[in-house]
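Trainee: Model the structure of this input:
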Amino acid sequence: MSITMYQADRNFVSPANDAALYSAILSNTSGVIANRGNNFALTVNGLVVSIDTGQAVIGGRLVEITALESVTVPANSSGSICLVVDLTKTNTTTGNAGDSSYTVAVNQVYTSAVTGALTQDDLNNGGFIYELPLASFVSTATGVTLTSITGYLNDTGWLSLPSASGLIFGSGGFLDYRVRNNVVYVKLQGLDTGSTTNSNQIGTIPAKYAPKNAFMTAGMDDSSGTPYGIELHVQTTGLIYANYVSPHNGGIGGTITYPLG
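Mentor: Numbers count the residues shown, from 1 in each chain. As a prediction, this is how the structure comes out:
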């Protein structure tokens, strides 16, 4: 037969089958589980970063640190302190399966200081490596500075939203988004759209988080020193643009919130 059901009487459920199920239940989100152990608290001693206890789910796989793990950061570099699931590795066993002395050395998960771009394969669709960042780092010859970037499970944390070509960020301006528990949040401030397409485009929400239906919400422009109400529109492509009355497109701000699905 070409059809099966893994959770069936007498059937065998492999770790890969199990992970695929949990990943789907968690909307294919990887992240730290809040309030487990010490939430992977990080401490620094010279170029050595210690990672405290905690739990995370990566590609549907439960990862746990039960005692301090240490990572040595390369000098004069930058990157991320990561939990890494690496399915190219082979786990090793001692003893015979079923015996009380049987143990497995799990080599497919480890901690690492990753420089450069992160690898985040789909582990349930042919991928092999997923690097979950706990913090970003910048090192000198003798020390490390950390910036926490971890989002709890089903929380991306605040990320920079891809901006429209020509968008100008005023003093203190930003364009960020976050997805938490299947709700999308966008915050923007101090944006000048005068040099973008149609003088009104702001940016584009990643396609997987775009709304199912186009909608409009309220925004403000304060470029003239007097607040002026404008419309912020979100399209099903994820495009965000502003309807404005000239010249009120030089200091755009506001918030956008909507559920996924």
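Trainee: make it CA atoms for all contacts and neighbour counts henceforth
Mentor: Fine.
Trainee: so what pLDDT did residue 170 get?
Mentor: In this prediction, residue 170 carries a pLDDT score of 93.
Trainee: Contacts only, for it.
Mentor: By CA atoms under 8 Å, 6 or more residues apart in numbering, the residues touching residue 170 are 190-192, 251.
Trainee: Can you classify it as helix, strand or coil?
Mentor: Following DSSP: H, G, I helix; E, B strand; the rest coil, we place residue 170 in the strand state.
Trainee: same thing with residue 189?
Mentor: For residue 189, the assignment made with three-state DSSP gives strand.
Trainee: Pull the contacting residues for it.
Mentor: Contacts of residue 189 (CA under 8 Å, 6+ apart): 172-175, 251-254.
Trainee: Swap in 7 Å and give it another go.
Mentor: The neighbourhood of residue 189, defined by CA atoms under 7 Å, 6 or more residues apart in numbering, consists of 173-175, 252-254.
Trainee: now swap in residue 211 and tell me
Mentor: Residues in contact with residue 211 (CA under 7 Å, 6+ apart) are 236, 238, 260.
Trainee: For these, pick the one with the most neighbours.
Mentor: residue 238 (19 neighbours; other CA atoms under 10 Å).
Trainee: thinking that residue is in contact with residue 207, fair?
Mentor: Yes: counting by CA atoms under 7 Å, residue 238 does reach residue 207; the two are 6.1 Å apart.
Trainee: Dump stretch 175-185 to PDB, keeping only the CA atoms.
Mentor: Provided in PDB are the C-alpha atoms of stretch 175-185 (Å, rounded to 0.1, in the frame of the first residue of the first chain):
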ATOM      1  CA  LEU A 175       9.800  49.800  10.000                       C
ATOM      2  CA  ASP A 176       9.500  46.500  11.900                       C
ATOM      3  CA  TYR A 177       7.300  43.500  12.100                       C
ATOM      4  CA  ARG A 178       6.700  40.600  14.500                       C
ATOM      5  CA  VAL A 179       4.600  37.400  14.300                       C
ATOM      6  CA  ARG A 180       3.500  36.100  17.700                       C
ATOM      7  CA  ASN A 181       1.000  33.300  18.200                       C
ATOM      8  CA  ASN A 182      -0.200  33.600  14.600                       C
ATOM      9  CA  VAL A 183      -0.900  37.400  14.900                       C
ATOM     10  CA  VAL A 184       1.100  39.800  12.700                       C
ATOM     11  CA  TYR A 185       2.200  43.100  14.200                       C
END
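Trainee: Could you pull out the buried residues of it?
Mentor: Buried residues in stretch 175-185, counted by 16 or more other CA atoms under 10 Å: 175-182, 184-185.
Trainee: Reformat the residues you listed into JSON lines and put secondary structure next to each item.
Mentor: Supplementary listing: the buried residues of stretch 175-185 in JSON lines, determined by three-state DSSP:
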{"residue": "175", "secondary structure": "strand"}
{"residue": "176", "secondary structure": "strand"}
{"residue": "177", "secondary structure": "strand"}
{"residue": "178", "secondary structure": "strand"}
{"residue": "179", "secondary structure": "strand"}
{"residue": "180", "secondary structure": "strand"}
{"residue": "181", "secondary structure": "coil"}
{"residue": "182", "secondary structure": "coil"}
{"residue": "184", "secondary structure": "strand"}
{"residue": "185", "secondary structure": "strand"}
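Trainee: quick one: which of these is nearest residue 167?
Mentor: Comparing the buried residues of stretch 175-185 against residue 167 with CA to CA places residue 175 closest, at 10.3 Å.
Trainee: Run through the residues that contact that closest one.
Mentor: When contacts are counted by CA under 7 Å, 6+ apart, residue 175 touches 160-161, 187-189.
Trainee: Quick one: classify residue 22 as helix, strand or coil.
Mentor: With three-state DSSP as the basis, the three-state label of residue 22 is helix.
Trainee: From residue 219, how far out is the closest residue in space to it that isn't next to it in sequence?
Mentor: What sits nearest to residue 22 in space, not counting adjacent residues and going by CA to CA, 6 or more residues apart in numbering, is residue 60, at 4.7 Å. From residue 60 across to residue 219, the span is 38 Å (CA to CA, to the nearest Å).
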